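Undergrad: Need a 3D model of the sequence below.
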Amino acid sequence: MALGAALVAATPATAGAADEPPVGASLLDTAKRILSTALPGEPLEVVTTTRTSGAPTITTTVASSRSRALDLIVAGLKKPSTIGVDVAHEVSIDVSNDPLRPRQWALTRFGAETAWRTSTGRGVVVAVIDTGVRALHGDLRKHVVAGRDFVAPGTLPSDENGHGTHVAGIITAVVNNNLGVASLAPGSRVMPLRVLDRNGVGSSADVAKAIVWAVDHGAKVINLSLSSTRSDAAGRAAVAYAISKNVVVVAAAGNDGCGLLGSPTTYPAAYDGVLGVGAITSSGAVASFSNCGSWVDVTAPGSAIVSTMTAVPAPGLGCTANYCTLSGTSMAAPYAAAAAALKISTLGSSARQLSVRSLIQSTADDIGSAGYDTRSGHGVINPRRMLAR
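TA: Numbers count the residues shown, from 1 in each chain. Next up, the predicted model:
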């Protein structure tokens, strides 16, 4: 069966003298909890805020060691007038220095720079099962782990089309490097698994094999920006295997639009346990090309998305070298995959694919008809709200 690409600041813990400490916790325990919010390498600047008849008084003291900082925090907590004690943390302007960042409306909607204060997706590998990835692109360098080429076995999974490189950039493009674009999960890494050829077409058997390979080689999220109107036992079994191994599987919902008779059922998005992703435009409306159906679980930005590109893009993409603007549910799916990476990174070994998938759905911004609907699913993903849960 042939498949095609589906185109078209975290606040530190604070405690006041009048706060009720956790049951059984001592003043020292509370102080240690506050100190634990200090990031390695940051100055230990203890901030004590005290109550006055007017504006609060904010006093800062730089500690020479963690033990000295702990003493200062305890002393601050003992004062009856203390409102709270913190360890100062870094703040910065809410925009990266990547030149194309102003054109990335999706990241602006998500408040990506704010989300990064909680998580960048560090340590999470996202498998991009697609046309391959241009690993040496300046905005992807060192963000691509070893993968596999199922189209030409034995060769590197390089990208002769451009679609996979575009998807990869949405997930993990390097940020604040004064180059090109930013991404939603810049701390994550992508695993390129090439199943689509230079024309963006491939075999469902290769897709199934790639899913299994990704699971067995450490991927925690799998992105499938491809689709077919036919289901198959291999694909269904591969997805079930991924889910059984606690891997989040995300797939594009398809680009046939939603006519009077709806949309053709799209796989792998329609397989049980897959997070199917439709697309919205910058206006917040569901894109006209986005499929509708029970397999649409959420929506994400998928119209006029600028991202990384190969040096010689396939003519059908209409792209120039290095960066390109594309539209499709293929662009929406990787935003959901990146959101999953953000959450998994915060949860570590306790992450469960079902809970992550459910959280992405339950924290989405409801649009269209109230509650779930087959056009927008549970709504537009909201990474910041998801991370706050």
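
Undergrad: now the helices for the stretch 1-150 of the chain?
TA: Assigned by DSSP state H, counting those that start in this stretch, the helices in the stretch 1-150 of the chain fall at 27-35, 66-78, 105-110, 112-115.

Undergrad: Using a markdown table, please lay out these together with mean pLDDT, mean neighbour count and distance to N322.
TA: (Glycine included, C-beta is placed from N, CA and C.) What follows is these, written out as a markdown table (pLDDT from 0 to 100; neighbours: other Cβ atoms under 10 Å; distance: least, Cβ to Cβ, whole Å):
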| stretch | mean pLDDT | mean neighbour count | distance to N322 |
| --- | --- | --- | --- |
| helix 27-35 | 89 | 18 | 45 |
| helix 66-78 | 91 | 18 | 45 |
| helix 105-110 | 97 | 21 | 19 |
| helix 112-115 | 96 | 21 | 21 |
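
Undergrad: Those helices: which one's closest to I211?
TA: Closest approach to I211 among the helices of the stretch 1-150 of the chain (Cβ to Cβ): helix 105-110, 26.0 Å.

Undergrad: Distance from the chain centre to that closest one, please.
TA: 12 Å (Cα atoms, centre = their mean, to the nearest Å).

Undergrad: Turn the helices of the stretch 1-150 of the chain into TSV, including distance to T299.
TA: As requested, those are exported to TSV (distance: least, Cβ to Cβ, whole Å):
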stretch	distance to T299
helix 27-35	38
helix 66-78	45
helix 105-110	11
helix 112-115	17
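
Undergrad: of all the ones you listed, which lies closest to D256?
TA: Taking Cβ to Cβ, helix 105-110 is the member of these nearest to D256, at 22.3 Å.

Undergrad: Which residues does that closest one contact?
TA: For helix 105-110, the surrounding residues in contact (Cβ atoms under 8 Å, 6 or more residues apart in numbering) are 101, 113, 182, 184, 282, 300-301, 304-305, 335, 380-384.

Undergrad: Just give me the closest of the residues you listed to L28.
TA: R384 (33.3 Å).

Undergrad: From the contact counts, what lies against the strand or helix carrying the closest one?
TA: Assigned by DSSP states H and E, R384 belongs to helix 383-388. Packing partners of helix 383-388 (3 or more Cβ pairs under 8 Å, 6 or more residues apart in numbering; DSSP states H and E): helix 112-115, helix 329-347.

Undergrad: Buried residues in the last one, which are they?
TA: What that stands for is helix 329-347. Buried residues in helix 329-347, counted by 16 or more other Cβ atoms under 10 Å: 329-346.

Undergrad: okay, which residue of the protein is out on the far edge from center?
TA: Going by Cα atoms, centre = their mean, the residue of the chain most distant from its centre is S53, 45.5 Å out.

Undergrad: where's that one relative to V296, distance?
TA: To V296, S53 is 57 Å away according to Cβ to Cβ, to the nearest Å.

Undergrad: OK, contacts around S188?
TA: With Cβ under 8 Å, 6+ apart, S188 has these contacts: 120-126, 143, 171-172, 338, 341, 345.

Undergrad: typo on my end, A127
TA: Residues in contact with A127 (Cβ under 8 Å, 6+ apart) are G147, V190, M191, L193, A210, I211, A214, A219, V221, I222, N223.

Undergrad: how about a markdown table for those, with pLDDT, distance to P157 and neighbour count added?
TA: Shown next, in a markdown table, are the contacts of A127 (pLDDT from 0 to 100; distance: Cβ to Cβ, whole Å; neighbours: other Cβ atoms under 10 Å):
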| residue | pLDDT | distance to P157 | neighbour count |
| --- | --- | --- | --- |
| G147 | 98 | 4 | 26 |
| V190 | 98 | 11 | 35 |
| M191 | 98 | 9 | 27 |
| L193 | 98 | 6 | 29 |
| A210 | 95 | 10 | 29 |
| I211 | 96 | 15 | 28 |
| A214 | 97 | 12 | 28 |
| A219 | 98 | 14 | 29 |
| V221 | 98 | 17 | 33 |
| I222 | 98 | 15 | 29 |
| N223 | 98 | 14 | 36 |
